[in-house]
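[1] Got a sequence here, can you build the structure:
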Amino acid sequence: MQLIECPWCGPREETEFHYGGQAHVAYPQDPASISDEEWAHYIFFRANPKGLFAERWSHSAGCRRWFNAVRDTATYRFHGVYRLDEPKPTIS
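    The predicted model follows:
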């Protein structure tokens with residue numbers, strides 16, 4: 001069992017969390033003016049790198065808050081977590 005560090009609650013078992021997709025995906029500036037193809041790209045197309053990746057997570061069985069995490073997709077190891085109102089840390 002892996003522990004995930006919630007920015008508010010501290011380390012908890014991974015079963016308390018839910019993955020929320022790629023972090024830092026900007027909502028379209030003028031959603032009424034974009035094409036169906038652009039909407040599809042916004043909703044369905046995400047990066048899928050091997051290595052460090054910024055993701056959104058929810059502490060669904062705890063404080064129910066959303067936060068961001070940098071995780072290595074090859075090893076599943078978390079390299080850091082940060083609140084949504086904090087800038088993405090530089091992690092190497």
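[2] So Q2 sits against Y76, correct?
    Yes: applying Cβ atoms under 8 Å as the test, Q2 and Y76 come out as touching, 7.2 Å apart. Glycine gets a C-beta too; all of them are placed from N, C-alpha and C.
[3] In three-state terms, label K50 for me.
    Assigned by DSSP: H, G, I helix; E, B strand; the rest coil, the conformation of K50 is coil.
[4] pLDDT weak spots in this protein?
    91-92 (pLDDT under 70).
[5] what ranges do the strands span in the protein?
    Remark: strands assigned in the chain by DSSP state E are 3-6, 10-13, 18-22, 52-58, 66-72, 78-83.
[6] Just tell me which of the ones you listed ends up closest to R46.
    strand 18-22 (4.5 Å; Cβ to Cβ).
[7] Give me the buried stretch members for that closest one, please.
    Across strand 18-22, burial judged by 16 or more other Cβ atoms under 10 Å covers no residue at all.
[8] And that strand, how far out from the chain middle?
    Chain-centre distance of strand 18-22: 5 Å, with Cα atoms, centre = their mean, to the nearest Å.
[9] partner strands of that strand, parallel or antiparallel?
    Sheet partners assigned to strand 18-22 using DSSP bridges are listed as strand 52-58 (antiparallel).
[10] who's in contact with the strand it pairs with?
    Applying Cβ atoms under 8 Å, 6 or more residues apart in numbering, the external contacts of strand 52-58 come out as 4, 17-24, 47, 64-73, 79, 81, 88, 91-92.
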